[in-house]
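[1] coords please:
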Amino acid sequence: MHTRTRSHLHAPSAPCALTAKSAANAHHRLWLLGAHTILLAGLLHAVLPVAAFGQAPRDFYIRSELSNGTFNGYHQISKRSKPGFVKVTYCDQAFWVRPSTVLWTETEASAGRNLIVERNRQDDREVLCQSPQLQVTIEDLDIKKAELDEMRSRNSPVNLRPNRMRVISEAFKGFK
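    Predicted coordinates for the structure are as follows:
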């Protein structure tokens, strides 16, 4: 009669068999892989320009403020050409803006608001110059009269959506 020992019934090197020690080693290797991946990503982020990660290293805006310095609104402008944008010069620097942004600066200025061109970089904000509406006007852009009339009708006070931040601010005025 043939008897089998326990070692013959279970193959010690079965591919799916994990011992506590091998499971701990696998977990440790995965943890090290994750730590190295995070370290590598951090090093690449420090060495490569931020733009390589899909974020702009700096953003440029025209910012509108009320006469007391309170934020009112903004339009983003670019240092690179984009579809639908036109090249203008603010603060002796070339920028690309939407024609509606130039019209907006004129509307904001005529409402008595202060306008500035600023550069934002993470937690830092730098004012580049004041009064961009005096440096570029809608007439400088060589826009056809029909297109300009349409832009003006879209940007009329009747058609402008309220600034979200202003609406929120107004809602909380009574809680001071």
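[2] Strands of the protein, residue ranges please.
    In chain order, the chain shows strands spanning 59-65, 71-77, 86-90, 93-97, 114-121, 124-130, with DSSP state E as the criterion.
[3] export those to TSV and tack on mean neighbour count and distance to residue 146?
    Quick note: C-beta positions are derived from backbone N, CA and C, even for glycine. Output for these, formatted as TSV (neighbours: other CB atoms under 10 Å; distance: least, CB to CB, whole Å):
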stretch	mean neighbour count	distance to residue 146
strand 59-65	20	26
strand 71-77	17	23
strand 86-90	16	17
strand 93-97	18	21
strand 114-121	18	27
strand 124-130	13	32
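[4] Outline the domain layout of the chain.
    Partitioning the chain according to automatic domain parsing yields domains covering residues 16-47, 59-175.
[5] Confidence-wise, which of those domains is weakest overall?
    Between those, the one with the least mean pLDDT is domain 16-47; it has a mean of 53.
[6] Hmm, residue 141 is touching residue 102, no?
    Yes: the pair residue 141 and residue 102 passes the contact test of CB atoms under 8 Å, sitting 6.2 Å apart.
[7] and for the two, which residues touch both?
    In terms of CB atoms under 8 Å, 6 or more residues apart in numbering, residue 141 and residue 102 are both contacted by the residues residue 88.
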